[in-house]
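# Fold the following.
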Amino acid sequence: MSATTELTVALPENVSREEAQLALAVRLFQQGKVSLGQAAAIAVLSKRAFIEVLGREGVPVVNYPADELSGEMRG
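Residues are numbered from 1 along each chain as shown. This next block holds a predicted model:
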């Protein structure tokens with residue numbers, strides 16, 4: 001069970017609500033604080049569309065630590 005908290009923020013006129021939601025979603029995903037699905041929901045995008053955004057932003061969708069990836073590749 002997860003709680004939902006609503007946040008209200010006054011944005012500068014040159015920043016749209018959609019831009020702010022997308023930036024927040026990308027950053028929280030990048031920090032590992034939310035899952036891909038949660039981040040997509042914050043950004044009000046499908047998972048596929050959010051993955052495309054991550055690609056444009058240079059944010060990896062899968063973040064494997066190097067030692068774990070090396071172990072996976074060996075066997």
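
# which of the residues in the lengthiest helix in the chain are buried?
Secondary structure of the chain per DSSP state H: the longest helix is helix 17-30. Across helix 17-30, burial judged by 16 or more other C-beta atoms under 10 Å covers 22, 24, 25, 26, 28, 29, 30. Quick note: C-beta positions are derived from backbone N, CA and C, even for glycine.

# Leaving out the residues flanking it, which one is nearest to the last one?
Spelled out, that is residue 30. residue 59 (5.2 Å; C-beta to C-beta, 6 or more residues apart in numbering).

# Check the secondary structure at that neighbour for me.
Secondary structure state of residue 59, per DSSP: H, G, I helix; E, B strand; the rest coil, is coil.

# show me the contacts for it.
Residue 59 makes contacts with 26, 29, 30, as judged by C-beta atoms under 8 Å, 6 or more residues apart in numbering.

# ok so, going back, from the contact counts, what lies against the longest helix of the chain?
helix 36-43, helix 47-57 (3 or more C-beta pairs under 8 Å, 6 or more residues apart in numbering; DSSP states H and E).

# for the ones you listed, which one ends up most surrounded?
helix 36-43 (a mean of 17; mean count of other C-beta atoms under 10 Å).

# pLDDT (mean, whole number) over that helix?
What helix 36-43 shows for mean pLDDT is 96.

# now what about that helix, what contacts it?
With C-beta under 8 Å, 6+ apart, helix 36-43 has contacts from 21-22, 24-26, 28-29, 34, 46-47, 49-51, 53, 61.
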